[in-house]
Each structure stands twice: as C-alpha cells, then as structure tokens.
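>>> Please work out how this folds:
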Amino acid sequence: MIPPSLRTWFIIHFALDLLFAIPLFVAPRFVLELSGWSSVDPVAARLVAAALFGIGIQSFIGRNEGPEAFKAMLNLKVIWSASATLGIFISLLEGAPILAWLLLAIFLAFNLVWTYFAIALRGLVPKTKKKRGPGR
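Prediction:
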C-alpha cells in the first residue's frame, strides 16, 4: 500500500538529517561560523539538531510501518518543512548568511516531496466513522 519510493525518501531523509544534525549538535559554533553565521546561539543550534535527530531517526524507524504511521509522519514532515522554509525565507530577507539559500532550497525540496506524497496517500488511510449516540 505504501509506495516503495516513499520508503526510500524516508531513508534519504534519515541520512541527510543525521548528516546535518551530528556536527550541529557536537560543534554548533564551529559549524555555523564556518558557514557564515556571525552570531551563534549554541542552545538554539542544538535544539535544531535535536529536531533533526527526532524526525530523521523516526523516518528510519517508521520506514516499514503501515499507512496510518506514514500519514502521521507525513503531516509532521509537511508542517516542519513548510514552517522551516518560511522561517528561512524571512531570515534571508533580514540578512541571513548566503548559506541560508541552500537551506531554503533543501527544505523547500523536501516540502514538495512530502506534500506530494501526503496528497497521494490521502485516500489510502480509511477514515474512522464517528460513533452516534443512542437514538440518532
């Protein structure tokens, strides 16, 4: 029921999230200053890394689950990537480093992938019927 390509995207997402999360978690100042950020908040950077760990690792763990789990993860991924895309765009308007354009492109690309699959799978998960009370 779940397209193999979606399962593959979950694995790709896991790998990329960890690729970014590990150095950001271990050495946020070094990584971000190297990338052009002049002001670095290591707590905020590590919170971003933690979100990347959580979403990425759950992508790997849940890659073989059923439609309900995929629907829930896709909802999370659509919300996360859309809000990250908007936030990065606003930050670019405020003067974020040039590397933020790459981050914008990555989050936008993932948002398009997740949105496509979320729409495609919409009919895959049966809707639960609302229980009616007595006499209705």
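>>> Scan this protein for its longest helix.
helix 67-93 (DSSP state H).
>>> C-terminal to that one, which secondary structure element comes first?
helix 99-120 (DSSP states H and E).
>>> Can you list the buried residues in that following helix?
Ala100, Leu103, Leu104, Ile106, Phe107, Leu108, Phe110, Asn111, Val113, Trp114, Phe117, Ala118 (16 or more other CB atoms under 10 Å). C-betas here are computed from N, CA, C, even on glycine.
>>> quick one, what contacts Thr115?
The neighbourhood of Thr115, defined by CB atoms under 8 Å, 6 or more residues apart in numbering, consists of Val78, Ala82.
>>> let's see it at 10 Å
Leu74, Lys77, Val78, Ser81, Ala82 (CB atoms under 10 Å, 6 or more residues apart in numbering).
>>> What is the burial count for the last one?
When neighbours are counted by other CB atoms under 10 Å, Ala82 registers 16.
>>> Quick check: the nearest residue to it once chain neighbours are set aside vs Ile79, distance?
Spatial nearest neighbour of Ala82, chain neighbours left out: Asn111 (5.3 Å); criterion: CB to CB, 6 or more residues apart in numbering. To Ile79, Asn111 is 10 Å away according to CB to CB, to the nearest Å.
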